[in-house]
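[1] sharing a sequence plus its predicted fold:
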Amino acid sequence: MSGLWRLREAGVPYTPAFVIDASVAVAGAFDEPWSSAARDLFAQAERDELSLIVPDLFWYEVAHALRHGLAADGERLSRTIRWMGAAPVATISLDPADLAGVVAMAVDEGLTVYDAAYLFLARQVGCSLITQDRKLLTAAGGRFSRSLREIGL
């Protein structure tokens with residue numbers, strides 16, 4: 001299925017679109033160097049200035065990071081999960097037919113299959129990837145990837 005068709009099926013509006021990985025959401029949830037940039041990115045999506053797109057595994061990765069990072073603070077964990085759940089993020093399910101491409105990309109780029117899923121999705125839908133993962137940034141190539149520091153927020 002073409003990338004544009006997947007976006008329209010997922011209800012992504014006609015705005016600049018970016019695939020984000022879990023490192024971006026986690027930066028927004030915690031007090032990290034680029035937390036404000038991550039929060040600004042989500043705020044822009046809430047104002048329909050841009051679209052954020054993720055593969056479905058994103059939610060499990062974020063939940064895992066939040067569970068371990070906020071386990072001692074149950075109230076903050078619940079509040080952060082609600083914030084993430086309300087975020088205007090389009091979730092795209094990769095088909096089983098896509099898995100061969102994801103695995104091939106993982107092998108070719110020296111990535112985990114999880115990280116390759118983000119890059120595969122970005123290439124399939126024809127948009128840039130935003131991540132804080134240096135290895136994933138390198139694999140995506142500077143023209144099609146950005147870190148939170150580089151996106152100019």
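    Alright, I've got the coordinates. These numbers were taken from a predicted model, which means no experiment stands behind them. Numbers count the residues shown, from 1 in each chain.

[2] in this structure, which residue is closest to the centre?
    In the chain, the C-alpha nearest the mean C-alpha coordinate belongs to residue 20, at 2.2 Å (CA atoms, centre = their mean).

[3] can you pull the phi/psi pair for it?
    phi -120, psi 150 (degrees, to the nearest 10).

[4] residue contacts, the residue nearest to residue 131 when sequence neighbours are not counted?
    Counting by CB to CB, 6 or more residues apart in numbering, residue 131 lies nearest to residue 21, which is 4.4 Å off, once chain neighbours are set aside. Just so you know, the C-beta spots here come from the backbone N, C-alpha and C atoms, and that holds for glycine as well. If you count contacts by CB atoms under 8 Å, 6 or more residues apart in numbering, residue 21 has them with 54, 58, 61, 115, 118, 129, 130, 131, 132, 133, 136.

[5] do that again at 7 Å, thanks
    Remark: with contacts taken as CB atoms under 7 Å, 6 or more residues apart in numbering, residue 21 is in contact with 58, 118, 131, 133, 136.

[6] need these in TSV (columns: pLDDT, neighbour count and secondary structure).
    Shown next, in TSV, are the contacts of residue 21 (pLDDT from 0 to 100; neighbours: other CB atoms under 10 Å; DSSP: H, G, I helix; E, B strand; the rest coil):
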residue	pLDDT	neighbour count	secondary structure
58	92	25	helix
118	94	30	helix
131	88	26	coil
133	85	20	coil
136	85	23	helix
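
[7] residues near residue 43, how many?
    Counted with other CB atoms under 10 Å, residues neighbouring residue 43 total 14.

[8] confidence score at it?
    Among the per-residue scores, residue 43 shows a pLDDT of 87.

[9] what are the phi and psi angles of it?
    With angles defined as degrees, to the nearest 10, residue 43 shows backbone torsions of phi -60, psi -40.

[10] ok, now residue 79?
    Given degrees, to the nearest 10, the pair of backbone angles that residue 79 has is phi -60, psi -40.
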